[in-house]
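Peer 1: below are the sequence and a predicted model; questions follow.
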Amino acid sequence: MTPSTDAATVRTRVRIPLSFSDGYQVTAEVITFNGLADGAEHVALVLGDPATAAAPLVRLHSECLTGDAFGSARCDCGPQLREATERIAATGGVLLYLRQEGRGIGLYNKLDAYALQDTGLDTYQANTALGLPEDARDYTAAAQMLTALGITDLDLLTNNPDKARQLRDLGLAVTRTVPTGVHSTPSNLRYLHAKVQHTHHTIALAPMAILAR
Ligand SMILES: Nc1nc2c(ncn2[C@@H]2O[C@H](COP(=O)(O)OP(=O)(O)OP(=O)(O)O)[C@@H](O)[C@H]2O)c(=O)[nH]1
Ligand SMILES: [Zn+2]
């Protein structure tokens, strides 16, 4: 299938040794691009050897400063990033680190939305109350990055059906979606339940009623 996006090209490839707080270490080839549709500084991390996989494992990880860098327990982003890095390195694939903070609404708006969630709104209602889309993410640049890396067929590591839907609409062959692990805590449980109920994420959670007992 021919991707329906304009071409982007690789700008720079650089190897970076990664060292996680739990001791896991791996070297990533970090890749930047020219010509991405939204002009953002997205990066690809090539882990392991994608060439050995018929359909490399790919994750589209949306930036979450609070979860990825600060270890916030309000979401599951930090543990998902850690999990994805190791799983992709094991099979060979690519992690796209997409600068889509707050599902695309930006950091300050996300923190405004957190403040509204503290008054009782769920994660989607809070965005709407701010006059913003529930999810503003567009994966055109992600499709451009994968195409520039020569990836046309892939397995997608996600619980979010919209990511696979958008990539397929952009001309990529998502062979299968592979769910991430469940990283639920008392602090992020309501958020994860909202994702399951509202946007049909495939996360195997215990019912809220059971957990509330
Ligand atoms: N607006 C808003 N964004 C949030 C909130 N919690 C987390 N995020 C953002 O949501 C995004 C999470 O992205 P992903 O890890 O790709 O999660 P996902 O869309 O559920 O998809 P998968 O993890 O692939 O299943 C990041 O950009 C976070 O900053 C919230 O309460 N409000
Ligand atoms: Zn997060």
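Peer 2: Arrived safely. The shown structure was predicted, so the numbers you read here are calculated from the model rather than taken from an experiment. Ligands and ions are numbered 1, 2, ... in the order given.

Peer 1: just the element for the residue nearest the centre of the chain, please.
Peer 2: With distances taken as Cα atoms, centre = their mean, the residue of the chain nearest its centroid is His61 (2.1 Å). Taking DSSP states H and E as the criterion, His61 maps to strand 57-62.

Peer 1: Thr12 now?
Peer 2: Going by DSSP H and E, Thr12 is in strand 9-19.

Peer 1: so what touches that strand?
Peer 2: With Cβ atoms under 8 Å, 6 or more residues apart in numbering as the test, strand 9-19 has contacts from 25-35, 85, 148-149. Quick note: C-beta positions are derived from backbone N, CA and C, even for glycine.

Peer 1: sorry, back to before: ok, the strand holding His61 near ligand 2 or not?
Peer 2: No. On the criterion Cβ under 5 Å from the ion, strand 57-62 is out of touch with ligand 2, staying 8.1 Å away.

Peer 1: what's next to that strand, contact-wise?
Peer 2: Strand 57-62 has contacts (Cβ under 8 Å, 6+ apart) with 77, 80-81, 84, 87-88, 91-98, 100-101, 103-104, 137, 139, 142, 146, 151, 154-158, 163, 167, 178.

Peer 1: in a helix, Asp22, correct?
Peer 2: No. Under DSSP: H, G, I helix; E, B strand; the rest coil, Asp22 sits outside any helix and is assigned coil.

Peer 1: report pLDDT for it.
Peer 2: pLDDT for Asp22: 93.

Peer 1: and it, what is it in contact with?
Peer 2: Arg82.

Peer 1: how about the helix or strand where Leu154 lies: buried residues?
Peer 2: Assigned by DSSP H and E, Leu154 belongs to strand 153-157. The neighbour-count check on strand 153-157 (16 or more other Cβ atoms under 10 Å) flags Leu154, Asp155, Leu156, Leu157 as buried.

Peer 1: one more: stretch 170-181?
Peer 2: Buried, per 16+ other Cβ under 10 Å, within stretch 170-181: Leu170, Leu172, Val174, Thr177, Thr180.

Peer 1: pLDDT on that stretch, on average?
Peer 2: On average, stretch 170-181 scores 94.

Peer 1: quick one: end-to-end distance for that stretch.
Peer 2: 27 Å (Cα to Cα, to the nearest Å).

Peer 1: who does the residue nearest to the centre of the chain bridge with?
Peer 2: Beta-bridge partners recorded for His61 (DSSP bridges): Tyr97.

Peer 1: distance of it relative to Thr128?
Peer 2: 24 Å (Cβ to Cβ, to the nearest Å).
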